[in-house]
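S.K.: Just to be clear, the model below is a prediction. Sequence and coordinates:
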Amino acid sequence: MYVYEAMADAIAQEGVGHVFAVLAEDNMELMIELQDKKDVKIISTRKESGAAAMADGYARVTGKPGVCSVTVGPGLTNAATSLMTARRHRSPVICLTTEINSFDSKVFKGGLDQRRFAEAIAEKYIQVYHAEALAEGIHLAFRHVRSGGGPVVLAVPREIMKSVLDMDWEYSPTEVMMPAQQRIYPNPELIAKAVDILRVAERPVILVGRGVSGSHAEQEIISLAERTGALIATTLLAKGYLADHPRNVGIAGPFASKEIHAILSQSDCVIAVGCSLNNDTTEYGLLFAEAQIIHIDQDPAAIGAFITPAVGIIGDARASLTALNVEIDRQRFDRKGDVWRDDIESFVSSSRSALPSPYAVAPDAIDPRQLIAELDKMLPRERIVVTDSGHAVCFVADKLSVPHPSQFVWTPDFGSVGMGLYQGVGAAVGRPDKHVVVFTGDGGFMMGLEELDTAVRYQVPITVVVMNDGAFGIEVHLLEAEKKPIDLALFNNPDFAAVATALGAVGLTVRNTEDLRAAAVEVAKKNWPVLIDAKVNPHIVHEVLQEVAGRYLVTRQDGQNS
Ligand SMILES: Cc1ncc(C[n+]2csc(CCOP(=O)(O)OP(=O)(O)O)c2C)c(N)n1
Ligand SMILES: [Mg+2]
């Protein structure tokens with residue numbers, strides 16, 4: 001038996017489902033072997049950045065490890081930005097690669113100190129030093145990602161990979177060996193301390209992060225909101241959590257409307273569950289400056305990472321919320337009538353249904369707010385929404401609804417443009433039962449369009465909405481704020497519908513709502529990749545960017561940011 005055969009057996013037994021690979025002379029035997037396994041499908045991608053980001057998107061929506069395979073040296077360097085994005089998200093991604101014996105730059109694909117490079121972009125670099133250690137290396141990698149440690153690069157040197165395994169091969173998958181997931185129960189004294197705060201809180205908010213979405217704590221959050229009169233808000237990544245609850249005010253932070261923002265800033269108590277309280281959510285702490293913070297997270301490192309809480313509780317979300325509810329009942333208090341204002345629910349409901357400011361009408365471009373509002377009605381309800389980075393996706397963050405945070409994939413974790421289509425294809429491969437819709441700017445699309453071909457080759461029924469302002473919009477608006485020329489950030493784009501059609505997808509151009517209705521017919525078929533080139537009005541600037549541009553200008557004038 002060759003080592004690559006043993007490796008294929010191990011990966012298949014790990015139940016990964018799919019492997020995203022760019023074929024090369026060092027991984028091809030392994031991929032051919034894997035292709036023969038009945039439970040593994042290889043997705044042969046165009047570029048390693050795509051393979052690694054697809055593995056990330058796949059992992060985010062399936063919860064399974066996402067595996068990619070790239071060639072030594074340039075394959076790994078190509079995968080770097082995607083792996084770094086996965087790292088910032090702590091995605092369970094395993095990047096398989098090989099090793100060559102020399103760092104010598106005269107050697108083909110040599111010259112890179114792969115360990116140092118990989119350790120800078122992934123959480124771990126595991127090298128298999130000899131064939132007998134293969135199972136141990138694979139175990140280490142899967143245990144690491146399955147326990148939430150973030151991406152791993154697993155390198156099996158070429159000579160080892162292609163050698164004969166001189167031992168009996170037996171592999172037990174890590175899932176069997178790892179303990180079942182256990183709930184961490186909170187310390188009762190800290191629960192009592194938290195309840196002391198809640199007993200007198202007048203304007204409490206339950207802030208839900210993505211850590212909560214997997215713990216089935218919906219009922220406990222609703223009960224806590226009922227007992228304490230708290231409003232419910234989410235982080236950006238937990239968008240869609242309990243969205244229909246009458247006390248849910250949506251995303252906290254810069255994406256909140258002015259009215260909701262004003263309400264949240266009056267909060268005197270925040271029960272933050274499964275979120276980091278990072279600077280984006282709390283606006284550098286300013287949003288909740290007046291509030292006492294009760295921070296609940298099962299990861300001790302998350303508590304106090306950004307804001308020092310009044311009470312920090314290490315515990316599972318559901319177990320901790322249950323404990324809070326039980327303690328509130330034991331102390332028999334009901335704050336419901338005494339908190340916030342009497343009409344808070346009707347205020348929340350009217351802020352949700354507030355009419356948008358009138359849309360801009362232009363002959364050849366649609367207002368991006370109108371585009372998203374119309375797509376919200378037209379796209380299949382059971383959607384998975386994946387965003388790229390840039391200005392345009394800000395409209396998606398606050399104006400497009402998602403059924404649940406697990407169906408919202410926000411890829412700017414590392415701030416990189418160009419991850420949206422990649423992760424979208426991976427997500428669509430992982431969840432064929434849902435309809436994946438990718439939102440990207442024209443700049444982001446052009447950074448990764450080669451993988452539209454992958455979607456076509458594998459008949460992945462994905463919808464890609466290019467919000468096309470013919471520009472690096474963020475740069476345009478920041479340059480304009482500085483009164484600098486913008487020509488370097490403007491692009492005379494090709495006809496994206498024609499490009500998509502040439503790649504084998506269905507390509508459509510949208511300039512108005514009528515065009516959109518025609519596009520919706522194609523999307524509803526859900527049987528083929530569809531690209532919608534939406535020409536958006538470039539003069540509509542999202543409030544978040546208006547604010548960033550304002551701040552940017554101030555710091556530039558102060559000289560702090562130059
Ligand atoms: C890899 C990478 N390169 C450059 C940037 C800087 N950058 C941020 S937004 C942006 C413009 C993206 O343009 P587009 O996708 O069209 O989005 P828009 O802002 O126009 O909506 C660029 C180049 C980045 N964030 N990441
Ligand atoms: Mg653009």
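M.R.: On my side now, so go ahead. None of these values were measured; they are calculated from a predicted model. Numbers count the residues shown, from 1 in each chain. Ligands and ions are numbered 1, 2, ... in the order given.

S.K.: The closest residue to residue 270 other than its chain neighbours: neighbour count?
M.R.: The spatially closest residue to residue 270, leaving aside those adjacent along the chain, is residue 291, at 4.7 Å (C-beta to C-beta, 6 or more residues apart in numbering). C-betas here are computed from N, CA, C, even on glycine. Applying other C-beta atoms under 10 Å, we find 26 residues neighbouring residue 291.

S.K.: same deal with residue 488?
M.R.: The burial metric for residue 488, expressed as a neighbour count using other C-beta under 10 Å, is 11.

S.K.: For the residue lying closest to it once chain neighbours are set aside, give me the pLDDT.
M.R.: Counting by C-beta to C-beta, 6+ apart, the nearest residue to residue 488 once its immediate chain neighbours are dropped is residue 475, at 7.8 Å. pLDDT for residue 475: 96.

S.K.: now do the one 3 residues further on
M.R.: The confidence metric pLDDT takes the value 93 at residue 478.

S.K.: That one contacts residue 546, correct?
M.R.: No: with contact defined as C-beta atoms under 8 Å, residue 478 and residue 546 do not form a contacting pair (10.9 Å).

S.K.: Those two: which is more packed in?
M.R.: When residue 478 and residue 546 are compared for neighbours, residue 478 comes out ahead with 20 against 12, by other C-beta under 10 Å.

S.K.: Next one: the more buried one relative to residue 283, how far apart?
M.R.: As judged by C-beta to C-beta, to the nearest Å, residue 478 and residue 283 stand 19 Å apart.

S.K.: And for residue 79?
M.R.: When C-beta to C-beta is applied, the distance between residue 79 and residue 283 equals 34 Å.

S.K.: between the two, who's got more neighbours?
M.R.: residue 79 (32 against 18).

S.K.: Please give the element, helix or strand, for the more buried one.
M.R.: helix 74-89 (DSSP states H and E).

S.K.: Tell me which residues are up against that helix.
M.R.: The contact list for helix 74-89 (C-beta atoms under 8 Å, 6 or more residues apart in numbering) reads 22, 24, 47-53, 55-56, 59-60, 66, 68, 70, 93, 95, 97, 109, 112, 114, 117-118, 121-123, 150-151, 153, 411, 413-414, 416, 418-419, 422.

S.K.: Mind checking which of the residues you listed land in strands?
M.R.: 66, 68, 93, 95, 97, 153 (DSSP state E).

S.K.: what's around the residue of the stretch 51-200 of the chain found nearest ligand 2, how many residues?
M.R.: For the stretch 51-200 of the chain, the nearest residue to ligand 2 under the criterion C-beta to the ion is residue 81, separated by 18.9 Å. Residues near residue 81, counting by other C-beta under 10 Å, number 20.

S.K.: quick one: it from residue 135, how far?
M.R.: 31 Å.

S.K.: helix, strand or coil for the residue of the chain most remote from its centre?
M.R.: What lies farthest from the middle of the chain is residue 166; by C-alpha atoms, centre = their mean that is 42.7 Å. Assigned state for residue 166: coil (three-state reduction, DSSP: H, G, I helix; E, B strand; the rest coil).

S.K.: where in the stretch 51-200 of the chain is pLDDT low?
M.R.: 102-104 (pLDDT under 70).

S.K.: nope, the chain is what I was after
M.R.: Checking the chain against pLDDT under 70 turns up 102-104, 551-562.

S.K.: So for stretch 242-255, first residue to last residue, what's the gap.
M.R.: Start to finish, the residues bounding stretch 242-255 are 17 Å apart (C-alpha to C-alpha, to the nearest Å).

S.K.: which of the residues in that stretch are buried?
M.R.: When neighbours are counted by 16 or more other C-beta atoms under 10 Å, the buried residues of stretch 242-255 are found to be 242-243, 245, 247-255.

S.K.: can you check stretch 449-468 too?
M.R.: 449, 451-458, 460-468.

S.K.: near ligand 1, from these?
M.R.: Contacts with ligand 1 are made by residue 467 out of the buried residues of stretch 449-468, judged by C-beta under 6 Å from any ligand atom.

S.K.: List the ones among the buried residues of stretch 449-468 that fall in helices.
M.R.: Counting by DSSP state H, the members of those that fall within helices are 451-457.

S.K.: so can I have a markdown table of the residues you listed showing distance to residue 444?
M.R.: Below are those laid out as a markdown table (distance: C-beta to C-beta, whole Å):
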| residue | distance to residue 444 |
| --- | --- |
| 451 | 12 |
| 452 | 13 |
| 453 | 17 |
| 454 | 17 |
| 455 | 16 |
| 456 | 19 |
| 457 | 22 |
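
S.K.: I'd like the distance between residue 22 and ligand 2.
M.R.: Going from residue 22 to ligand 2 by C-beta to the ion, to the nearest Å gives 28 Å.

S.K.: Any residues of this protein in contact with ligand 2? List them.
M.R.: Along the chain, the residues adjacent to ligand 2 under the rule C-beta under 5 Å from the ion are 441-443, 469, 471, 473.

S.K.: Tell me the one of these nearest residue 265?
M.R.: The nearest member of those to residue 265, counting by C-beta to C-beta, is residue 473 at 28.5 Å.

S.K.: Spit out the contact partners of the closest one.
M.R.: Contacts for residue 473 were tallied using C-beta under 8 Å, 6+ apart; they are 390-392, 441, 443, 538, 545.

S.K.: who wins for neighbours among those?
M.R.: The member of those surrounded by the most neighbours (other C-beta under 10 Å) is residue 392, with 31 neighbours in all.
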